[in-house]
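>>> build me a model:
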Amino acid sequence: MGRIYEDGFLACSSISRVPLEVWASILRKATECPDTFTTSYLQGPSLTASERRRYGECMRTKRALSSVCRVWSGLTTPYLYEHVKLLHIRTLYSLLHNITNSIGFQHGKMVTHGDYVLRLDVTFCDLNQETVGSDILSILQHLFRNLPNLRVLLLKELRCFYRPLRTMQATKTRRFFLESVTPKLEVMSWIDGASVSAKLWASFLRSHPRIRALLLPCCEPLSGLSSLRIQLPHLEEVISCARRDLIFYPEAFTTGDLPNLKRLIHLLPYNQDYRPTYIGHHPFLLIHGSKLQSVHFWSFNRVGEFPLSKFLRAVQETCPKVREIGLTCYWSDTVAFPSMPAVHTLAIRNLDPQFGKGDCRAMLRSLVEAKDGGLVGLRVVRFVDERNLAHLRKHFHQQLNSAATALAKLGVFIEGVGLP
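Presented below is the predicted three-dimensional model:
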């Protein structure tokens, strides 16, 4: 490749003098992954196949560029470690070994690979309730302590952690493993379905004031949480998972200060869990609904199996600033939207990536009827899951074009779909 001159320029066979800043910019552009630092990864239990493919291609590019020469290796190392996925337990131990090794000095301070980690996804595919050890949380605590610049932490699909968490909370002498996470953290996704004491969770939130997107846990018990002062001045997006009577976790943020809250993604319970407390006015919406600009409902039921209209009516009555409504479910019937003339964007997702003709007809008809019905200000329709749009193009191209044409006449366009 060449050598570095004393003035910071790079010599090579084809380009005699290229500033390192130019090479760094080129390598940054070549290794960027569009999904890494958005909050779209919080909107579902797992990544789509396309997102996983993009991540794999990005990592292969980074490894290839880092092996060209010593100079490029130095320039691409921060990009190689910026997004780390822990899919297997063996990866955890190798990562622990790598991040604690010094790789040089910068501004008079020792630098390790851990300094470059900005996002960490923890999804152990090879662990289960029987094989996971009780020391796993202590190991993660040690890992977090060596990631001083971590911005995004996702703990996804870790049901194997339920028992270690219960043991940790029962042993009051042991520290909460998230306490070692840097206060620079901005995005946090808690373990699916795992409960944590309200006191521990409140303590974590108070020590991480920079959080801007958050997937809430099941806080047990909730009693007493309202007396704990929680201020999250940068919080913009909340993902709440309803479980029985814990709708929207009203006590979790009743006394909290959420001045910049803009988006709510609410994971609805299964149809057998619905109770009267879920219907009508929700305490969280009554307190913070006036700030919300986007509300997205997520249900693993089919349309018609849960009282969607009553949830939408609650948004209509409590969220006057809402400009985007989202709905993720199994589309088996049309959806009638109440009058919300300020809404200009409709974000939709069919959880069945291989939906049939009936679901396709119901979904596309809902889009057209939404404009003619309650969403008179609708301008944009967006498919949250890119697989839905690819499926429509491949199997229902004619129906998609007809819907796009009908919506265009009404002043609405579907993102990613051109007119025939």
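>>> what pLDDT, on average, does the longest helix along the chain get?
Secondary structure of the chain per DSSP state H: the longest helix is helix 49-66. Across helix 49-66, the average pLDDT comes to 81.
>>> give the buried residues for the helix or strand following that helix.
Going down the chain from helix 49-66, the next helix or strand is helix 70-81, by DSSP states H and E. By neighbour count with 16 or more other C-beta atoms under 10 Å, helix 70-81 contains the buried residues 71-72, 75-81. Where C-beta positions appear, they are placed from N, C-alpha and C, glycine not excepted.
>>> okay, now Pro259: neighbour count?
Applying other C-beta atoms under 10 Å, we find 11 residues neighbouring Pro259.
>>> ok, now Ile139?
Ile139 sits with 15 neighbouring residues when counted by other C-beta under 10 Å.
>>> residue contacts, it?
By C-beta atoms under 8 Å, 6 or more residues apart in numbering, the residues touching Ile139 are 92, 96.
>>> next one: phi and psi at it?
Main-chain dihedrals, Ile139, degrees, to the nearest 10: phi -70, psi -40.
>>> which non-adjacent residue is nearest Ser207?
Pro183 (6.0 Å; C-beta to C-beta, 6 or more residues apart in numbering).
>>> next: Leu150.
Thr182 (5.3 Å).
>>> you'd agree the one you found is up against Val152?
No - the criterion here is C-beta atoms under 8 Å, and Thr182 misses it with Val152 at 11.4 Å.
>>> okay, the two: which has more neighbours?
A count of neighbours by other C-beta under 10 Å puts Val152 above the other of Thr182 and Val152, at 23 against 17.
>>> show me what the more buried one is bridged to.
Arg119, Val187 (DSSP bridges).
>>> and for Ile239?
As assigned using DSSP bridges, the partners bridged with Ile239 are Leu215, Ile265.
>>> so what does the longest helix of the chain touch, helix or strand wise?
On a contact count with 3 or more C-beta pairs under 8 Å, 6 or more residues apart in numbering; DSSP states H and E, helix 49-66 meets helix 20-31, helix 70-81, helix 386-395.
>>> out of these, which gets nearest to Val238?
Among the helices and strands packed on helix 49-66, helix 386-395 comes nearest to Val238, with 24.3 Å by C-beta to C-beta.
>>> pull the residues that contact that closest one.
With contact meaning C-beta under 8 Å, 6+ apart, helix 386-395 is reached by 48-50, 348-350, 353-355, 360, 383, 399-400, 416-417.
>>> out of those, which comes closest to Leu410?
Nearest to Leu410 among the contacts of helix 386-395: Val417, at 14.5 Å, using C-beta to C-beta.
>>> that closest one belongs to a helix?
No - Val417 is assigned coil when assessed by DSSP: H, G, I helix; E, B strand; the rest coil, not a helix.
>>> just the pLDDT for it.
pLDDT recorded at Val417 is 78.
>>> any idea how far the nearest residue to it once chain neighbours are set aside lies from Gly374?
Using C-beta to C-beta, 6+ apart and skipping the chain neighbours, the partner closest in space to Val417 is Ala404 (4.9 Å). Using C-beta to C-beta, to the nearest Å, Ala404 is found at 21 Å from Gly374.
>>> and what of Leu400?
With distances taken as C-beta to C-beta, Leu400 is found 23 Å from Gly374.
>>> does Phe300 count as helix, strand or coil?
strand.
>>> go on, Gly114?
Under three-state DSSP, Gly114 falls in the helix class.
>>> wait, what's in contact with it?
By C-beta under 8 Å, 6+ apart, the neighbours of Gly114 are 81, 99-100, 146-148.
>>> who wins for neighbours among these?
Using other C-beta under 10 Å as the neighbour test, the contacts of Gly114 are led by Leu147, with 27 neighbours.
>>> in this structure that one contacts Val122, no?
No - Leu147 lies out of contact with Val122 (C-beta under 8 Å); the separation is 11.7 Å.
>>> confidence score at Val381?
With respect to pLDDT, Val381 has a value of 92.
>>> so the longest helix of the chain versus helix 20-31, what angle?
150 degrees (axes from the mean of the first three to the mean of the last three C-alpha atoms, to 10 degrees).
>>> re the thing from before, which single one of the contacts of Gly114 is nearest to Ser299?
Proximity of the contacts of Gly114 to Ser299 (C-beta to C-beta) peaks at Leu147, which lies at 34.7 Å.
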